[in-house]
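Q: Next comes the sequence, and after it the predicted model I'd like to discuss.
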Amino acid sequence: MPRHRLLVAYDGTDFHGWQRQIRPDGTELRTVQHALETAVFETVRERVPVTGASRTDSGVHAVGQVAAFTSEREIPIERLATALTVRLPDDVQVRRAEIVADDFDPISMATSKCYRYDIAWGRPPQVWPPLFDRRTRFHVPMPLDAAAMAAAAPRLVGTHDVRGLAQKHHGRIDTERTIFDCRVWEPAPHRIRMEIVGSGFLYNMVRIIAGTLVEIGKGRMPAERIDEIIATGERRLAGQTLPPMGLSLRWIHHGPDILPPGWPDHRPDHDLGGDEP
């Protein structure tokens, strides 16, 4: 039975996250996993589970989610991505499909992943909030010091106990994670972009990191606060949890190396093509 690896992109605005969720009355919430499993069933005529590498939350987007399923029916692999996408709602796409080893596990075999948080800043009448890309940008109605944020970001790099950068009820016993890279830059005027690459992340961790860097950008928090948060594990010292619309899963790496070949000069999401959140 062939094992299929899928590269999945979605606008998470109208989804209750990746993972399937059933209401007390037995009806399903709208999730990416449910949509994908329905499309797989309509394509291969088998009820098979589709496993995703990262459980993105409600409202979070992805251009590089990795999912996998096993089916008894063999579909020409060059047609599979299209066959699934035409059966999916307009806010989900399967951008690539390939055959992988039978034991491929997108969760346990992931060695690193990258999330991005996008911000627009400024207030009318000089700068208006995002309009056409408002579903993929968080708006801060005041100036942000991108240079201060960029200078503070590398303090997060390393292997740390990161419980102070996660929601209190994160549900994990092991709270040690490795952050390989954290950077901030301005892709356009009044726009700030953050990228965080790590071995894994606790619940809301990236949105809390983004909120902490925003407080530094506002001048309300010193860069040294990051060291204090890591040293004490105190969530109250960090910034707010930013809303999900600015967050997108860029890529997940599986392979013998911890990071993608050529990182950081080569960014995997540059090869995806099409519109990106």
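A: Now that the structure is in, tell me what you want to look at. Computed from a predicted model, the values in this text were never measured in an experiment. Residues are numbered from 1 along each chain as shown.

Q: Verify the stated contact: Glu28 with His16.
A: No. Glu28 is not in contact with His16 according to Cβ atoms under 8 Å; the separation is 9.3 Å. The way it works is simple: take the backbone N, C-alpha and C, and place the C-beta from them, glycine included.

Q: Does Arg207 belong to a helix, a strand or coil?
A: Following DSSP: H, G, I helix; E, B strand; the rest coil, we place Arg207 in the helix state.

Q: ok, now which ones touch it?
A: Applying Cβ atoms under 8 Å, 6 or more residues apart in numbering, we find Arg207 in contact with 117, 241-244, 247.

Q: hey, where'd the strands end up in the chain?
A: With strands called from DSSP state E, the chain shows them at 3-10, 51-52, 61-70, 92-100, 110-121, 138-140, 158-161, 176-188, 191-198, 247-254.

Q: can you list the ones you listed in JSON lines and add mean neighbour count, mean pLDDT and distance to Leu84?
A: Compiled in JSON lines, those are given as follows (neighbours: other Cβ atoms under 10 Å; pLDDT from 0 to 100; distance: least, Cβ to Cβ, whole Å):
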{"stretch": "strand 3-10", "mean neighbour count": "23", "mean pLDDT": "97", "distance to Leu84": "7"}
{"stretch": "strand 51-52", "mean neighbour count": "20", "mean pLDDT": "97", "distance to Leu84": "14"}
{"stretch": "strand 61-70", "mean neighbour count": "24", "mean pLDDT": "97", "distance to Leu84": "10"}
{"stretch": "strand 92-100", "mean neighbour count": "19", "mean pLDDT": "97", "distance to Leu84": "4"}
{"stretch": "strand 110-121", "mean neighbour count": "22", "mean pLDDT": "97", "distance to Leu84": "21"}
{"stretch": "strand 138-140", "mean neighbour count": "20", "mean pLDDT": "97", "distance to Leu84": "31"}
{"stretch": "strand 158-161", "mean neighbour count": "14", "mean pLDDT": "96", "distance to Leu84": "38"}
{"stretch": "strand 176-188", "mean neighbour count": "16", "mean pLDDT": "96", "distance to Leu84": "31"}
{"stretch": "strand 191-198", "mean neighbour count": "22", "mean pLDDT": "97", "distance to Leu84": "28"}
{"stretch": "strand 247-254", "mean neighbour count": "24", "mean pLDDT": "96", "distance to Leu84": "18"}
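
Q: how about those strands, which one is nearest Phe41?
A: For Phe41, the closest of these is strand 61-70, at 10.1 Å, according to Cβ to Cβ.

Q: between that closest one and strand 92-100, how many degrees?
A: Here strand 61-70 points in a direction 40 degrees away from that of strand 92-100 (axes from the mean of the first three to the mean of the last three Cα atoms, to 10 degrees).
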